[in-house]
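Novice: Here is a sequence with its predicted model. Questions after.
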Amino acid sequence: MSDSRTDGYIVQKYDTQVKRFCQTLDLKDNPELIAEYRKRHSEGEAWSEILDGIREVGILEMEIYIVGTRLFMIVETPVDFDWPTAMARLSTLPRQQEWEDYMSEFQVAPQGASSDEKWVLMERMFHLYNVKE
């Protein structure tokens, strides 16, 4: 049986350069809540309006990884993507705040917070490319 954690994850290839944003968020330390959070993010469970909104603001790809109670999100966007503008727009789209409130019971975050207020942008402190820069 294959294990994606050790086999790796295939990433989308684009004809143009993209940039990446990384974020983190903690879940409440409750196995039942974490199992339900995972279920609500599974294929067919995430609300279509939320997925459409993510794409509408210009996000090309989004992945969420989990270890214990820690979530790690990778967001890939076009190079000209403006994070503050996109997040402000995302927060106004249909059902977005409803989704954030729906998810808040699982997250260590203030009730009523937007996605941008919950997820903390991370700073890249190291990188290694196979090609000399």
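Specialist: Received, thanks.

Novice: How far does the helix or strand of the chain with the lowest mean pLDDT sit from its chain's centre?
Specialist: Sorting the helices and strands of the chain by mean pLDDT, DSSP states H and E puts helix 4-7 at the bottom, at a mean of 82. Chain-centre distance of helix 4-7: 20 Å, with Cα atoms, centre = their mean, to the nearest Å.

Novice: With only the CA atoms kept, save stretch 61-81 in CSV.
Specialist: The C-alpha trace of stretch 61-81 is given here as CSV (Å, rounded to 0.1, in the frame of the first residue of the first chain):
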residue,chain,number,x,y,z
GLU,A,61,-3.7,25.8,-5.8
MET,A,62,-4.2,25.2,-2.1
GLU,A,63,-3.1,22.3,0.1
ILE,A,64,-3.6,21.7,3.8
TYR,A,65,-1.4,19.3,5.7
ILE,A,66,-1.9,18.1,9.3
VAL,A,67,0.3,16.6,12.0
GLY,A,68,-1.3,16.3,15.4
THR,A,69,-3.3,19.5,16.0
ARG,A,70,-1.1,21.6,13.7
LEU,A,71,-2.3,22.6,10.2
PHE,A,72,0.0,23.8,7.5
MET,A,73,-1.4,25.4,4.3
ILE,A,74,0.4,26.0,1.1
VAL,A,75,-1.2,28.5,-1.4
GLU,A,76,0.2,29.0,-4.9
THR,A,77,-0.7,32.1,-6.9
PRO,A,78,0.3,34.1,-9.9
VAL,A,79,3.3,36.2,-9.3
ASP,A,80,1.2,39.4,-9.4
PHE,A,81,-1.1,38.2,-6.7
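
Novice: which of the residues in it are buried?
Specialist: Judged by neighbour count using 16 or more other Cβ atoms under 10 Å, the buried positions of stretch 61-81 are 69, 71, 73-77, 81. Yep, even glycine has a C-beta here, placed from its N, CA and C like the rest.

Novice: How about stretch 104-114?
Specialist: 106-107, 109, 113-114.

Novice: now stretch 29-48
Specialist: Result for stretch 29-48 [16+ other Cβ under 10 Å]: buried residues 34, 37.

Novice: Outside of it itself, list whatever touches it.
Specialist: 27-28, 64, 66, 69, 95, 99, 102-103, 105-106 (Cβ atoms under 8 Å, 6 or more residues apart in numbering).
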